[in-house]
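Enquirer: sequence and predicted structure are below.
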Amino acid sequence: AFRAAARLGGIGVSEILRIGAEALRLRQAGANIIILGAGEPDFDTPDPIKEAAAQAMRAGATKYTALDGMPALKAAIAAKFRRDNGLDYTPAEISVGAGAKQVIHNALMATLDPGDEVIIPTPCWVSYLDMVRIAGGVPVTLACTEANGFRPDPAALEAAITPRTRWIILNSPGNPTGAAFTAAEYRPVLDVLLRHPQVWVIADDIYEHILYDGLAFATPAAVEPELWARTLTVNGVSKAYAMTGWRIGYGGGPAALIRAMAVVQSQSTSCPSSVSQAAALAALKGPQDGLAARRDSFQARRDLVVDALNAIPGLSCLRPQGAFYVFPGCAGVIGATTPDGRTIASDRDFCSFLLHDAGVAVVPGSAFGLAPYFRISYATAIEELREALARIARAVATLR
Ligand code: PLP
C-alpha cells in the first residue's frame with residue numbers, strides 16, 4: 001500500500017484549493033459562482049514579453065541554462081535591485097528559480113536542520129508554514145492584529161526568538177491582508193533582529209509593484225544595511241508583470257547562501273525554464289510603464305471593494321496599502337442565523353454561507369491564521385466585483 005513520507009505529516013491540501021474545488025463543483029452543477037480566491041493578476045502577460053519568449057525559442061534558447069539563472073538575466077536582476085531598491089548584488093549573489101516559491105523553498109532546504117525554527121508573522125501566506133515543515137523546520141507563528149495594522153509587535157517578536165531561530169519571513173505588501181511596511185514601520189522590527197545575529201531574514205517582496213497611495217516601497221536589506229549579510233531578498237515576475245504561469249522568481253543574498261541554494265536546485269529542477277528566463281529578461285529590461293497602469297487599476301478596485309464592504313453591516317475592512325487582497329473582519333455576523341436556520345459560528349461558516357447562499361467564493365481568515373476574517377482577492381474584472389459585493393450585501397441582509 002502507498003505510504004507517504006513522515007516529512008509530509010500534518011501537511012494537508014490547502015483550504016484555498018479545497019474551497020476552489022468546491023466552487024468549481026457548484027459551478028459545474030449549474031450554479032452561478034463568482035470566485036474571488038485566485039492569487040494572480042487578471043491581466044494577460046504583456047505582448048512584448050510573449051514576443052521575446054517566442055523569439056528566444058526560435059533562436060534556439062531551448063536547452064538547459066546555467067543552474068540558477070542565465071548570466072544575462074542575473075545581470076538584469078542586479079540592475080533591477082539597484083534601480084528599484086538601492087541594493088547591490090553581484091551575479092554570484094543572485095539565484096533564479098521557478099517562482100519566488102522555489103527560491104524560498106531552496107533557501108529553507110539549504111539551511112534548516114530538524115527542529116530549526118522559522119518565525120512567521122500571521123495571518124500569512126499559508127505556504128510558508130508547510131514549506132518550513134517540508135524542509136524539516138518548525139514554523140513559529142507570531143500573531144499580528146488588525147489594531148497593529150497586521151504588522152508584528154516588536155516585543156512579541158523579541159519573545160518568539162530562541163537560539164534555534166534561523167529565519168523570519170517578512171512579506172510586504174502582504175498576502176492575505178495587503179498590509180505593507182514603510183521604512184519607518186520596518187525599523188522597530190529590524191532593530192529587534194539586529195540584536196539576534198542567528199536570525200536571518202527572508203524578505204518576500206513579490207508584491208513590490210502593487211503598492212498604493214504613492215507609498216515608497218521599502219525592503220529590509222536596504223532599510224538596515226547591517227542586515228544585508230543575513231537577508232535573502234526575494235522577488236519575481238509573477239505579480240508585477242502578470243506572469244504567474246511562466247514560473248520565474250529570484251533572490252539576492254550572500255554568496256554562501258546562494259551557493260547552498262544552487263545545490264538544492266541542481267538536484268531538483270536543474271535550472272529554470274530557458275524560455276521563461278528569456279521572457280523575464282524582457283520584462284525586467286523593457287519599458288516599465290505598464291507597472292503603474294496595472295497598479296492604478298488594482299488601486300481603483302481596492303477602493304471599490306473596501307467601500308462596499310464597509311457599507312455592509314457586520315463587516316469591517318481596513319484599506320490595505322498593497323497587493324490585491326482585502327482581509328475584512330466578520331465578527332459582526334458571528335452568532336447570526338441564516339434563513340434556513342443555521343448558525344454562523346465561525347468565519348468558515350460565514351464563507352460557506354457566502355458560497356452556497358450568495359454564490360461568492362472567498363477564503364476564511366482562519367486558513368491564514370486569524371479569525372474571524374475572510375480574504376477577498378480583487379484581481380477580477382470590476383463588473384464581477386460589483387456583482388459579488390452586491391450579492392454579499394444581499395446575503396448578509398438575510399441574516400438574523
Ligand atoms: N509569496 C507570496 C506572499 C505569494 O502570495 C505568492 C503567490 O501567491 C508567492 C510568493 C509565489 O510567487 P511565485 O509565483 O513567484 O512563486
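Expert: All right, it came through fine. Predicted, not measured: the structure shown is a model, and the values here were computed from it.
Enquirer: could you pull out the strands for the stretch 151-300 of the chain?
Expert: Remark: strands assigned in the stretch 151-300 of the chain by DSSP state E, counting those that start in this stretch are 165-171, 200-204, 231-236, 249-252.
Enquirer: can the ones you listed go into CSV with extra columns for mean pLDDT and distance to residue 373?
Expert: From N, CA and C alone the C-beta is placed, and that goes for glycine too. Below are those laid out as CSV (pLDDT from 0 to 100; distance: least, CB to CB, whole Å):
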stretch, mean pLDDT, distance to residue 373
strand 165-171, 98, 17
strand 200-204, 98, 20
strand 231-236, 98, 25
strand 249-252, 98, 27
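Enquirer: winner for burial among those?
Expert: By mean neighbour count, with neighbours taken as mean count of other CB atoms under 10 Å, strand 249-252 ranks first of the strands of the stretch 151-300 of the chain at a mean of 29.
Enquirer: hmm, who's touching it?
Expert: Strand 249-252 is contacted from outside by 69, 77-78, 81, 87, 89, 93-104, 107, 206, 221, 232-238, 258, 261, using CB atoms under 8 Å, 6 or more residues apart in numbering.
Enquirer: so which of those residues are also by the ligand?
Expert: Filtering the contacts of strand 249-252 for neighbours of the ligand using CB under 6 Å from any ligand atom leaves 99, 100, 101, 206, 236, 238.
Enquirer: buried ones among those?
Expert: Burial by neighbour count, 16 or more other CB atoms under 10 Å: within those this picks out 99, 100, 101, 206, 236, 238.
Enquirer: the residue nearest to the first one when sequence neighbours are not counted pairs with what?
Expert: In other words, residue 99. The shortest distance from residue 99 to any non-neighbouring residue, by CB to CB, 6 or more residues apart in numbering, is to residue 249 (4.3 Å). Going by DSSP bridges, residue 249 is paired in beta bridges with residue 97, residue 236.
Enquirer: do stretch 266-274 and the ligand meet?
Expert: No - Stretch 266-274 is not in contact with the ligand by CB under 6 Å from any ligand atom; minimum separation 10.8 Å.
Enquirer: and the contacts of that stretch?
Expert: With CB under 8 Å, 6+ apart as the test, stretch 266-274 has contacts from 56, 61-70, 96-98, 102, 246-248, 265.
Enquirer: quick one: contacts for the residue nearest the centre of the chain?
Expert: In the chain, the C-alpha nearest the mean C-alpha coordinate belongs to residue 175, at 4.6 Å (CA atoms, centre = their mean). Listed by CB under 8 Å, 6+ apart, the contact partners of residue 175 are 39, 124, 125, 207, 323, 325.
Enquirer: contacts with the ligand among those, please.
Expert: Checking those against the ligand (CB under 6 Å from any ligand atom), the matches are 39, 125.
Enquirer: for residue 361, state which of the contacts of residue 175 is nearest.
Expert: residue 39 (13.1 Å; CB to CB).
Enquirer: just give me the neighbour total for the closest one.
Expert: Residue 39: 19 surrounding residues under other CB atoms under 10 Å.
Enquirer: I'd say it and residue 376 touch.
Expert: No - the criterion here is CB atoms under 8 Å, and residue 39 misses it with residue 376 at 11.6 Å.
Enquirer: out of the buried ones among the ones next to the ligand among the contacts of strand 249-252, which sit inside helices?
Expert: Within these, residues falling in helices by DSSP state H are 99, 100, 101.
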